[in-house]
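Chemist: structure, please.
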Amino acid sequence: MPATRGDDERAGLLAALVGDGRPLLALLALGLVVSGIFALFLSATNTFLPQDVAFLGMDRGVLCSLNQCRIVHFIFHDRVSFGGTLMAVGTLYLWLQAFPLRCGEAWAWWTLLLSGAAGFASFLCYLIFRYLDTWHATASGALLPLWIFGMVKTWGLLQGERGWRSLLKPGTAWTMKTREGWGRGCLLFVGLGMMAAGMTIMLLGSTVVFVPQDLVYFGYTPGQLDAINPRLIPLIAHDRAGFGGGLVSCGICVFLVVWKARMSRALWQALLAAGLTGFGCAIGIHYPMGYTSVSHLLPAWVGSMVYLVGIGCAWPGQEGQPQEREKASAMKQARSLRSG
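Modeler: Numbering: from 1, shown residues only. Okay, the predicted model is just below:
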């Protein structure tokens with residue numbers, strides 16, 4: 001039943017803005033996208049954050065004078081990759097709240113819960129090296145209430161089985177023998193790969209920090225980096241662990257969305273945009289900085305190719321339109337029954 005003028009007059013401003021909780025999650029998603037764009041902007045302009053300079057006790061110019069500025073480029077390459085994952089996750093969150101969560105599908109709520117928990121929890125990696133990025137903390141502190149209250153409010157939208165077991169069964173029957181099934185399988189494989197890669201990067205960022213290809217690129221051993229500035233490795237480790245956490249969050253989202261959702265045109269567009277921004281940033285940043293190690297880039301290139309094959313095969317064409325109309329009609333009927 002449509003809202004009346006009397007309903008509008010009785011409703012408070014905050015309640016009207018929060019609604020069923022989805023506006024909060026939409027704002028969270030947009031915040032992630034904007035944060036990702038901001039990370040790319042800072043990296044493109046070679047700008048260190050004020051807390052970076054204060055923590056290191058040296059500015060970008062001093063670091064850039066060492067070995068063709070490769071230490072600075074390495075720092076920014078992790079930040080660009082992190083920005084790409086934020087934009088990818090934000091894009092998928094927008095789709096989740098606009099479509100399956102609006103229809104009361106419990107799996108969408110659990111996807112947002114698991115993905116968001118992984119992303120926010122990864123911020124705590126700063127405790128290992130004692131580098132608190134205050135801007136990162138401020139952004140996380142601003143977005144965390146949106147996620148928490150959005151999840152609480154949207155719980156009331158869920159229909160049918162609400163428990164986490166709704167994630168166990170695929171949303172629709174599929175087989176690798178069909179074009180769409182092959183595409184779904186490719187995307188599921190990449191989602192799992194992203195989770196595994198993100199966990200590995202988080203582990204590396206919390207322990208050894210560097211892989212051998214990193215040390216070859218900037219031409220210093222960890223001991224030499226520590227001699228340049230004892231706080232340099234903690235700064236790099238923080239960025240690396242943050243990127244790993246973002247990758248885990250994105251992998252969870254990709255896997256569960258592909259596992260549970262029926263492919264529609266809107267979902268296909270969201271997955272395409274997420275893949276282009278995520279893989280585009282993670283791979284593309286390496287070439288202008290001269291970090292072109294084949295063994296380092298090969299996993300990302302393989303993942304991106306499998307993802308593109310999956311996207312190409314999963315294209316719903318005209319099949320997605322009737323599905324969307326059918327879902328919209330069912331949702332309209334459900335609202336009519338509840339209001340009656």
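Chemist: residue nearest the middle of the protein, spatially speaking?
Modeler: Val89 (2.8 Å; CA atoms, centre = their mean).
Chemist: I'd guessed that one sits against Val248; true?
Modeler: No - with contact defined as CB atoms under 8 Å, Val89 does not reach Val248; the gap is 10.2 Å. Yep, even glycine has a C-beta here, placed from its N, CA and C like the rest.
Chemist: return every residue with contacts to both of the two.
Modeler: Gly119 (CB atoms under 8 Å, 6 or more residues apart in numbering).
Chemist: going by neighbour count, list what's buried in the helix or strand encompassing Ala121.
Modeler: Per DSSP states H and E: Ala121 is located in helix 106-121. For helix 106-121, a neighbour-count test (16 or more other CB atoms under 10 Å) marks 106-112, 114-116, 118-120 as buried.
Chemist: go on, stretch 59-68?
Modeler: Arg60, Leu63, Leu66.
Chemist: repeat for stretch 212-227
Modeler: Here stretch 212-227 shows Asp214, Tyr217, Phe218, Tyr220, Leu225 as buried, counting by 16+ other CB under 10 Å.
Chemist: quick check: closest non-adjacent residue to the last one.
Modeler: In other words, Leu225. Leaving out its chain neighbours, the residue that sits closest to Leu225 by CB to CB, 6 or more residues apart in numbering is Leu232, at 5.3 Å.
Chemist: for Gly312, same thing?
Modeler: Per CB to CB, 6+ apart, closest to Gly312 is Gly183, 6.9 Å.
Chemist: what helix or strand is that neighbour on?
Modeler: Using DSSP H and E, Gly183 sits in helix 179-206.
Chemist: picking up where we left off before, now for the buried residues of stretch 212-227: which two are most distant?
Modeler: For those, the farthest-apart pair by CB to CB is Tyr217 and Leu225; their separation is 12.3 Å.
Chemist: hmm, back to that, the helix holding Ala121 packs against which elements?
Modeler: Judged by 3 or more CB pairs under 8 Å, 6 or more residues apart in numbering; DSSP states H and E, helix 106-121 is in contact with helix 70-98, helix 134-154, helix 232-260.
Chemist: now the first one and helix 106-121, what's the angle there?
Modeler: So the one you mean is helix 70-98. Taking axes from the mean of the first three to the mean of the last three CA atoms, to 10 degrees, one finds helix 70-98 and helix 106-121 inclined to each other by 150 degrees.
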